[in-house]
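Asks: Structure for the following, please:
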Amino acid sequence: MRALPRDHFIEMSNPSLVLGRSIPPTNAVSEILNHANIQPDHKMSLVGTGAGYVAALASKLAAKVVALEISDAMA
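Replies: This is a model prediction of the structure:
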């Protein structure tokens, strides 16, 4: 998580696009990824990736991550 600071994803996000959405706090993402027990040979699908913070972190843990976002502007 140190290699991909959450702040960078917030800074890169267009505030008008993330209105009504959130980038999860670091401790919440840590818990989610810990409980997911992602292994290096896993393939993952993330739906509703928003700014991509969780997808970016998951990509460091899994063999492959496919991220889907409904908003063309966010994607």
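Asks: Now do the contacts for the spatially most central residue of the chain.
Replies: Residue closest to the mean C-alpha point of the chain, counted by CA atoms, centre = their mean, is residue 54 at 1.8 Å. Shown in contact with residue 54 (CB atoms under 8 Å, 6 or more residues apart in numbering): 24, 29, 32-33, 46. Where C-beta positions appear, they are placed from N, C-alpha and C, glycine not excepted.
Asks: that's a strand at it, yeah?
Replies: No. Applying DSSP: H, G, I helix; E, B strand; the rest coil, one finds residue 54 to be helix, outside a strand.
Asks: ok, which stretches of the chain are helices?
Replies: For the chain, applying DSSP state H gives helices covering 6-12, 15-18, 26-36, 53-59.
Asks: got those helices as JSON lines, with distance to residue 65 and mean pLDDT columns?
Replies: Output for the helices of the chain, formatted as JSON lines (distance: least, CB to CB, whole Å; pLDDT from 0 to 100):
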{"stretch": "helix 6-12", "distance to residue 65": "15", "mean pLDDT": "70"}
{"stretch": "helix 15-18", "distance to residue 65": "20", "mean pLDDT": "60"}
{"stretch": "helix 26-36", "distance to residue 65": "12", "mean pLDDT": "90"}
{"stretch": "helix 53-59", "distance to residue 65": "5", "mean pLDDT": "92"}
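Asks: Columns distance to residue 42 on top of those helices, output as TSV?
Replies: Putting these into TSV (distance: least, CB to CB, whole Å) gives the following:
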stretch	distance to residue 42
helix 6-12	22
helix 15-18	28
helix 26-36	9
helix 53-59	9
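Asks: coming back round to it: so among the contacts of residue 54, which ones count as buried?
Replies: The neighbour count (16 or more other CB atoms under 10 Å) marks 29, 33, 46 as buried among the contacts of residue 54.
Asks: Nearest to residue 68, out of these: which one, please.
Replies: Comparing the buried ones among the contacts of residue 54 against residue 68 with CB to CB places residue 46 closest, at 7.0 Å.
Asks: close enough to count as contact, the closest one and residue 58?
Replies: Yes. At 6.6 Å, residue 46 counts as touching residue 58 under the criterion of CB atoms under 8 Å.
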